[in-house]
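Participant: what follows is a predicted protein model with its sequence.
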Amino acid sequence: MTHPEGATLGRRLAAITIDWLASYAIAFAFFAGGGNFSERIEGTRFITPLIFVAEYAILIALTGASFGHRLLRMKVIDFNNGGLPSIRQALIRTGLMALVITAITYDEDGRGIHERLSQTKLTRA
């Protein structure tokens with residue numbers, strides 16, 4: 001099978017930044033509590049990563065693209081058949097993505113460790 005061209009590192013970093021900022025905005029709006037700005041920021045310390053992981057896993061499993069991927073016209077595909085990743089693949093990818101080091105190391109095909117182990121690939125949509 002011919003595999004579509006992968007996404008560049010710049011697009012990947014922009015997408016994860018968008019996803020992280022969206023997760024932070026949700027955490028700040030709904031879970032930060034009261035008080036001044038610096039006190040509210042403290043309230044988002046633990047919930048923001050949880051929101052990020054949930055958002056990423058759910059959207060990858062259901063649509064093949066996180067919020068950031070969608071905005072930057074990228075999608076995650078099953079490396080073997082080019083279709084949507086399975087729930088299992090989305091969970092593996094998300095778990096490894098949470099360990100940032102796997103997202104910034106690449107093989108000769110331009111796939112990160114999280115993509116190789118989950119048998120997925122991030123492509124341009």
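Facilitator: Nice, thanks for sending it over.
Participant: all the strands of this structure, in order from the start?
Facilitator: 74-78, 120-124 (DSSP state E).
Participant: and Ser23, which of these is closest to it?
Facilitator: Each of these was scored for nearness to Ser23 using C-beta to C-beta, and the closest is strand 74-78 (17.6 Å). Bear in mind the C-beta positions are built from the backbone N, C-alpha and C, glycine included.
Participant: pLDDT weak spots in this protein?
Facilitator: 1-5, 101-104 (pLDDT under 70).
Participant: and the helices in it?
Facilitator: Applying DSSP state H to the chain gives helices spanning 9-31, 37-42, 47-63, 67-71, 87-98, 113-118.
Participant: buried ones in the fifth one?
Facilitator: Read that as helix 87-98. 89-97 (16 or more other C-beta atoms under 10 Å).
Participant: can you tell me which residues contact the residue nearest the centre of the chain?
Facilitator: Most central residue of the chain, judged by C-alpha distance to the mean C-alpha position with C-alpha atoms, centre = their mean, is Tyr56 at 4.8 Å. Shown here is Tyr56, whose contacts under the criterion C-beta atoms under 8 Å, 6 or more residues apart in numbering are 19, 66, 94, 97.
Participant: and the residues you listed, which two are furthest apart?
Facilitator: Those two in the contacts of Tyr56 that are separated most widely, counting by C-beta to C-beta, are Asp19 and Thr94, at 10.9 Å.
Participant: what's the closest of the strands of the chain to Phe31?
Facilitator: Shortest distance between Phe31 and the strands of the chain, using C-beta to C-beta, is found for strand 74-78: 27.3 Å.
Participant: adjacent strands (with direction) for that closest one?
Facilitator: Partners of strand 74-78 in the sheet, by DSSP bridges, are strand 120-124 (antiparallel).
Participant: how near is Ile92 to Phe67?
Facilitator: 20 Å (C-beta to C-beta, to the nearest Å).
Participant: could you do Ala25 as well?
Facilitator: Here the criterion is C-beta to C-beta. By it, Ala25 lies 11 Å from Phe67.
Participant: looking at those two, which is more packed in?
Facilitator: When neighbours are counted by other C-beta atoms under 10 Å, Phe67 comes out ahead of the other of Ala25 and Phe67, with 17 against 13.
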